[in-house]
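Participant: have a look; sequence and predicted model below, questions after that.
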Amino acid sequence: MSVKVYVNDARLVYNALNGIFVIYKSPHVHFNEMRQTLINNLCEDLNDMYVRPQRKYVAIEGDTNKDMKVIIRKSFADDPLVVGPRYQPNDFKLAATKIMHKDVSGVLVCGINKGQATNNYFHTGKIIEKSKYTHIKRGHIDKICSSMQSSHQKKMFELCGVDIQSQAAYELAVQGPIRPVNSNIPMIYAIKCTNFSPPEFTLEVVCTNEYDLYLKTIIHELGMQLRSNATCTQIICIQDGLFNIQQALLSKYWNIKEIMHNIQMCKKIIDENDHILYHENAALKPINHSMEVVS
């Protein structure tokens, strides 16, 4: 049996805001802008609740040669009209598992184009080259994706200092994907084409340590190998570790109530999968996270 208790005391709610939650970041929004929106929403909701009352001070008045009066007054030094609202942005510490570029959208875990090449590998850049794409078929993309995945798997063992033909490599392989020792080295575990509608196509990439420019470069290199040009138009993170897009809060739900519910849900998921907090070896359980790249 579960018991729900509704409280209106901002101090109790503020103390309970301790954990992780999942949100959905929209494209073309800077990380800092998104972070500030979240914190401002939390401040607004908390200040709408019952907050700490204004402090009082003791004043002793009267002539010293007569009976003096002890008076308790409200302190103007603690008046919200003087010092501002009780809860302000600097009262919160909010971090994320990764800082998404403004072009990237999708799942973000927080702790409380058409035969064209551009100068920044993204559709917002200046077009510097155009080429034909009518000769490109679905099979061509699948073949190159398979080659990319194979080369990254080989690189995965090389970074661990293991010969890919050895017994040690086999024992590591049966345990699952291997985590790079250096967290700055991107690693692709799987890449496949999930949609092909010329001149546009969609890639699903399972990777770790990735960053937006690296994923954009993959699209650019894919276009070059197809004897054409390709520019990334959208990057969507559909899963980050154990958390997927179904659990992420849309911006309209970035309020104290929904974030508290999301924190409880995330805590339950982590408690059921405590192996993600304490890694015993280089094997990943489960695969890190998945990105969807649209070109």
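Facilitator: Sure thing, it's come through. Numbers count the residues shown, from 1 in each chain.

Participant: which residue ranges of the stretch 151-295 of the chain form helices?
Facilitator: With DSSP state H, counting those that start in this stretch as the criterion, the stretch 151-295 of the chain has helices at 167-175, 212-225, 256-272.

Participant: in the longest one, what's buried?
Facilitator: Yep, that's helix 256-272 we're talking about. For helix 256-272, burial by neighbour count (16 or more other CB atoms under 10 Å) applies to Ile256, Glu258, Ile259, Met260, Asn262, Ile263, Met265, Cys266, Ile270. Just so you know, the C-beta spots here come from the backbone N, C-alpha and C atoms, and that holds for glycine as well.

Participant: now the second one: closest residue in space, sequence neighbours ignored.
Facilitator: It stands for Glu258. Counting by CB to CB, 6 or more residues apart in numbering, Glu258 lies nearest to Leu249, which is 5.7 Å off, once chain neighbours are set aside.

Participant: which one of the helices of the stretch 151-295 of the chain lies nearest to Val104?
Facilitator: helix 212-225 (5.2 Å; CB to CB).

Participant: just to revisit the earlier point, dump the helices of the stretch 151-295 of the chain to JSON lines, plus mean pLDDT.
Facilitator: Listed next are those as JSON lines, based on pLDDT from 0 to 100:
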{"stretch": "helix 167-175", "mean pLDDT": "78"}
{"stretch": "helix 212-225", "mean pLDDT": "87"}
{"stretch": "helix 256-272", "mean pLDDT": "89"}
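
Participant: which one of these lies nearest to Thr134?
Facilitator: Checking these against Thr134 by CB to CB gives helix 212-225 as the closest, at 13.9 Å.

Participant: other SSEs contacting that closest one?
Facilitator: Helix 212-225 makes packing contacts with helix 138-159, strand 200-208, strand 234-240, strand 289-294 when contacts are defined by 3 or more CB pairs under 8 Å, 6 or more residues apart in numbering; DSSP states H and E.

Participant: where exactly do the helices run in the stretch 1-150 of the chain?
Facilitator: For the stretch 1-150 of the chain, the helices defined by DSSP H, counting those that start in this stretch occupy 10-16, 31-47, 80-83, 138-159.

Participant: among those helices, show me which one is buried the most.
Facilitator: Mean neighbour count (mean count of other CB atoms under 10 Å) peaks for helix 31-47 among the helices of the stretch 1-150 of the chain, with a mean of 17.

Participant: so what's the closest residue to Leu42 other than its chain neighbours up against?
Facilitator: Closest residue to Leu42 apart from its sequence neighbours, by CB to CB, 6+ apart: Ile256 at 6.0 Å. Contacts of Ile256 were listed using CB atoms under 8 Å, 6 or more residues apart in numbering, and they are Val13, Leu17, Asn41, Leu42, Asp45, Leu46.

Participant: sorry, back to before: any chance of the helices of the stretch 151-295 of the chain in JSON lines, with distance to Arg55 too?
Facilitator: JSON lines is the format used below for the helices of the stretch 151-295 of the chain (distance: least, CB to CB, whole Å):
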{"stretch": "helix 167-175", "distance to Arg55": "59"}
{"stretch": "helix 212-225", "distance to Arg55": "48"}
{"stretch": "helix 256-272", "distance to Arg55": "24"}
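
Participant: out of those, which gets nearest to Asp91?
Facilitator: Comparing those by CB to CB, helix 256-272 comes nearest, at 13.4 Å.

Participant: what's the neighbour count on Lys216?
Facilitator: Residues near Lys216, counting by other CB atoms under 10 Å, number 25.

Participant: for Asp79, same thing?
Facilitator: 12.

Participant: skip the chain neighbours and tell me the closest residue to it.
Facilitator: That would be Gln54: by CB to CB, 6+ apart, it lies 6.0 Å from Asp79.

Participant: one step back: widest-spaced pair of the buried residues of helix 256-272?
Facilitator: Counting by CB to CB, the most remote pair of those is Ile256 and Ile270, 21.1 Å apart.

Participant: quick one: residues contacting Asp212.
Facilitator: Met100, His101, Asp103, Val104, Ile235.

Participant: switch to 6 Å and redo it
Facilitator: Listed by CB atoms under 6 Å, 6 or more residues apart in numbering, the contact set of Asp212 reads His101, Asp103, Val104.

Participant: in terms of pLDDT, where does His275 sit?
Facilitator: pLDDT, the model's per-residue confidence, is 70 for His275.

Participant: one more: Asn47?
Facilitator: So, for Asn47, pLDDT stands at 92.
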